[in-house]
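K.L.:
how does the following fold in three dimensions:
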Amino acid sequence: MITHLRSLSLSTFAHVALVFALVQPGGARADKPLVYCSDASPEGFDPALWDTVSTNNVNNQMFQGLVAFKRGTTELVPLLATDWTVSADAKVFTFHLRPGVRFHTTPYFKPTRDLNADDVLFTFGRFIDARHPFNLAFPATFVYPQNLGLAKAIEGMDRIDDHTVRFRLKAPNVTFLSYFAMSFAAINSAEYGAQLLREGRPGEINNYPVGTGPYRFRSYAKDDVVRMDANPDYWGAKQRTSSLIFSIAREPNVRVQKLLADECQVSAPLRDIDLRALEGRAHVVVLKKLGLNISYLSFNMGKSPTNNRDVREALDIAVDRRAIFHTLFPRGDAVEAVSAFPPTIPGFDRTLRNDFDPDRARRLLAQAGYPNGLDLDLWALPVARPTNPNGQLMAQIIQQDWARIGVRAHIKTYEWGEYLKRANRGEHDVYMSGWSGENGDADDFLTPNLSCSANSSGVKFCNKEFDALIDAARSTPDMSRRIELYHRAQQIFKRERPWIPIAHATIYMAIRDDVRGFVMTPNGAVEFEDVYRQ
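P.N.:
Residues are numbered from 1 along each chain as shown. Presented below is the predicted three-dimensional model:
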């Protein structure tokens with residue numbers, strides 16, 4: 001998933017490397033550890049607190065949800081739930097849990113029982129109940145659950161027995177099942193939560209993770225490395241990779257050089273320039289997949305001048321997207337973004353168009369009260385993404401475009417974590433962002449990013465008419481009706497212009513040729529279960 005806003009700092013472990021030597025059964029170690037070159041540090045290890053690809057990629061190795069997306073697709077398959085039922089009105093969802101699943105045994109936690117319904121209720125109870133005992137001890141903002149409006153959507157949860165849990169919704173939701181496959185919905189241990197409360201250390205749930213996944217936490221050194229070891233008690237197949245390492249390298253060219261030197265065997269998504277550097281290289285394989293993604297510029301809707309619709313339209317139609325694509329996407333396989341989600345997703349309105357009209361942009365600025373132009377801050381994305389491979393260069397191109405209509409853009413950027421926190425506080429005028437969808441549904445782009453539920457800080461888009469349309473679409477199983485509602489919602493999006501949509505990108509990744517079992521996903525996430533070096 002994205003590049004979206006967080007609100008919790010990691011003061012406890014921001015400057016500390018955690019070192020635990022977890023001994024594998026019989027003392028055996030893998031001959032070939034698997035190293036992934038990551039583009040950014042994780043923001044924490046409690047899955048629901050964070051919502052960036054770099055963070056989810058780490059947590060997805062250690063945590064699991066009730067269901068999963070079949071690797072490389074948007075098809076739902078069983079995971080911690082063996083099966084489920086959904087009521088005809090899409091309001092009641094019942095899950096049967098997998099027996100014999102153990103949470104990780106670590107130096108800081110030893111489970112006394114298998115996964116059961118209490119763990120599911122503990123995990124989701126934190127999302128929907130502000131008075132939950134753990135929330136009272138450790139107040140936190142659960143970004144994705146909040147943006148989805150889970151607290152308002154869920155009427156109640158029922159513990160039927162140790163291995164059966166039922167969710168009851170206030171209104172039908174045909175996309176609700178897919179939520180359980182998303183990173184935020186990974187199941188935490190209620191027993192571990194109770195231990196942390198007894199010890200007066202609830203915040204450590206974010207620093208010392210305990211999941212059910214194929215890998216368990218070993219150590220973290222900020223901006224350097226995350227180390228994980230194969231989980232010896234894993235309910236699934238024994239992992240052929242006993243040591244999994246995330247080597248953090250912000251600079252894309254550094255990741256390429258580490259891959260060529262076999263210092264890492266899988267690298268974060270590549271830029272076009274990186275592909276040229278890897279062409280013809282021995283022992284390197286480049287993988288390609290059409291992504292469910294978008295890059296965009298997001299306006300601060302809570303302050304002047306970007307809270308003025310005419311100003312937003314002027315800034316949008318002054319951007320020469322052709323110049324951006326010529327410079328940043330020379331391979332020609334990125335797609336110009338027009339709406340809030342890609343054209344491959346059902347419900348996309350193909351009548352929408354982007355305009356490039358600097359003369360009209362100047363007239364709109366004058367109409368908005370800025371005949372002599374204006375000043376604003378433009379924040380450049382500090383990390384490389386497939387949909388925005390060079391935020392600084394994109395900012396410079398847009399700065400020149402805006403200068404032609406009298407807008408004086410001052411380019412700013414910050415370290416990734418600081419960038420997110422400051423944007424969440426609304427310090428920006430315009431900032432670069434992006435999103436990667438997971439389930440192939442329009443709602444996965446619209447509700448988490450553009451609904452009123454996602455606007456707790458007051459700096460994002462909130463339009464009651466738009467909200468009513470996406471709520472209605474989420475509630476109906478009739479696809480033709482959903483498409484009609486999404487078309488109407490996109491017309492509002494295009495009229496109000498909370499974003500300047502930029503690009504949908506094809507994702508490229510590179511791996512060493514001795515890596516086996518790695519499969520790319522549509523959202524650019526990485527999964528290393530059953531991945532190993534030959």
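K.L.:
hmm, residue 166 is touching residue 124, no?
P.N.:
No: using CB atoms under 8 Å, residue 166 is not in contact with residue 124; the gap is 11.6 Å. Placement of C-beta: from N, CA and C, glycine included.
K.L.:
any low-confidence regions in the stretch 201-350 of the chain?
P.N.:
For the stretch 201-350 of the chain, applying pLDDT under 70 flags no range at all.
K.L.:
mind doing that once more with 90?
P.N.:
For the stretch 201-350 of the chain, applying pLDDT under 90 flags the ranges 250, 271-277, 279-280, 289-291, 330-333.
K.L.:
go on, the stretch 51-200 of the chain?
P.N.:
51-54, 72-74, 143.
K.L.:
what about the helices in it?
P.N.:
Listed in chain order, the helices of the stretch 51-200 of the chain (DSSP state H, counting those that start in this stretch) span 53-62, 117-128, 133-137, 143-148, 150-153, 176-179, 190-199.
K.L.:
what about these, which gets the closest to residue 267?
P.N.:
With CB to CB as the criterion, residue 267 lies closest to helix 53-62 of these, at 12.1 Å.
K.L.:
how long is stretch 155-172 end to end?
P.N.:
End-to-end distance for stretch 155-172, by CA to CA, to the nearest Å: 11 Å.
K.L.:
how about it: buried residues?
P.N.:
Buried residues in stretch 155-172, counted by 16 or more other CB atoms under 10 Å: 157, 163, 164, 165, 166, 167, 169, 172.
K.L.:
of the residues you listed, closest to residue 334?
P.N.:
Nearest to residue 334 among the buried residues of stretch 155-172 is residue 172, at 36.2 Å by CB to CB.
K.L.:
that closest one and residue 89 touch, don't they?
P.N.:
Yes: contact criterion CB under 8 Å: residue 172 and residue 89 qualify, at 5.5 Å.
K.L.:
determine which two of the buried residues of stretch 155-172 are furthest apart.
P.N.:
163 and 172, at 26.1 Å, using CB to CB across those.
K.L.:
now do the strands in the stretch 201-350 of the chain.
P.N.:
For the stretch 201-350 of the chain, the strands defined by DSSP state E, counting those that start in this stretch cover 215-221, 225-230, 243-248, 266-267, 284-290, 293-299, 335-336.
K.L.:
looking at the ones you listed, which is buried most?
P.N.:
strand 293-299 (a mean of 26; mean count of other CB atoms under 10 Å).
K.L.:
list the contacts of that strand.
P.N.:
306-307, 312, 315, 337, 340-342, 378, 385-388, 398, 429-437, 445, 460, 497-505, 507, 523-524 (CB atoms under 8 Å, 6 or more residues apart in numbering).
K.L.:
please redo it, this time with the cut-off set to 6 Å
P.N.:
306, 312, 337, 387-388, 430-436, 498-504 (CB atoms under 6 Å, 6 or more residues apart in numbering).
K.L.:
is it fair to say residue 470 lies in a helix?
P.N.:
Yes: under DSSP: H, G, I helix; E, B strand; the rest coil, residue 470 falls within a helix.
K.L.:
do you know how far it is from residue 492?
P.N.:
10 Å (CB to CB, to the nearest Å).
K.L.:
now residue 349
P.N.:
Taken as CB to CB, the span from residue 349 to residue 492 is 11 Å.
K.L.:
that older thread, closest one to residue 359 among the helices of the stretch 51-200 of the chain?
P.N.:
Nearest to residue 359, of these and by CB to CB, is helix 143-148 at 37.8 Å.
K.L.:
just checking, what packs against that closest one?
P.N.:
Contact here means 3 or more CB pairs under 6 Å, 6 or more residues apart in numbering; DSSP states H and E; on that basis helix 143-148 packs against no helix or strand.
K.L.:
any idea how far that helix is from the middle of the chain?
P.N.:
11 Å (CA atoms, centre = their mean, to the nearest Å).
K.L.:
give me the contacts around that helix.
P.N.:
Residues outside helix 143-148 that contact it (CB under 6 Å, 6+ apart): 6, 48, 51, 127, 184, 447, 448, 453, 454.
K.L.:
switch to 7 Å and redo it
P.N.:
With contacts defined as CB atoms under 7 Å, 6 or more residues apart in numbering, helix 143-148 is touched by 4-6, 48, 50-51, 127, 179, 182, 184, 447-448, 453-454, 456.
K.L.:
what's the answer for stretch 84-94, then?
P.N.:
Under the contact criterion CB under 7 Å, 6+ apart, stretch 84-94 has outside partners 95-96, 164, 166-169, 172-174, 176-177, 477.
K.L.:
8 Å - rerun?
P.N.:
By CB under 8 Å, 6+ apart, stretch 84-94 touches 66-67, 95-96, 160, 164-174, 176-177, 475, 477.
K.L.:
kindly report the same for stretch 124-140.
P.N.:
Contact with stretch 124-140 is made by 8, 46, 48-49, 122, 142, 145, 150-151, 154, 157, 167, 185, 193, 197, 202-203, 205, as judged by CB under 8 Å, 6+ apart.
K.L.:
now the buried members of those.
P.N.:
Applying 16+ other CB under 10 Å to the contacts of stretch 124-140 flags 8, 46, 48-49, 122, 142, 145, 150, 154, 157, 167, 185, 193, 197, 202-203, 205 as buried.
K.L.:
which ones among the buried residues of stretch 155-172 lie within strands?
P.N.:
157, 164, 165, 166, 167, 169 (DSSP state E).
K.L.:
distance check, the fourth one against residue 159.
P.N.:
Shown here: residue 166 relative to residue 159, a distance of 8 Å by CB to CB.
K.L.:
how long is stretch 42-54 end to end?
P.N.:
6 Å.
K.L.:
repeat that for stretch 362-371.
P.N.:
Stretch 362-371: ends 8 Å apart by CA to CA.
K.L.:
what do you get for stretch 139-146?
P.N.:
Terminal-residue distance, stretch 139-146 (CA to CA): 14 Å.
K.L.:
could you give me the buried positions within that stretch?
P.N.:
Neighbour counts over stretch 139-146 (16+ other CB under 10 Å) mark 140, 142, 143, 144, 145, 146 as buried.
K.L.:
just stretch 508-515 next, same as before
P.N.:
Residues 508, 509, 510, 511, 512, 515 are the ones in stretch 508-515 that count as buried (16+ other CB under 10 Å).
K.L.:
who touches it?
P.N.:
Applying CB under 8 Å, 6+ apart, the contact partners of stretch 508-515 are 34, 256, 259, 262, 265-270, 274-275, 278, 283-288, 386, 518, 520, 531-534.
K.L.:
what about 6 Å?
P.N.:
In contact with stretch 508-515 (CB under 6 Å, 6+ apart) are residues 259, 265-267, 269-270, 275, 278, 283-288, 518, 520, 533-534.
K.L.:
around residue 272, how many other residues sit close by?
P.N.:
18 (other CB atoms under 10 Å).
K.L.:
perfect, I'm done here.
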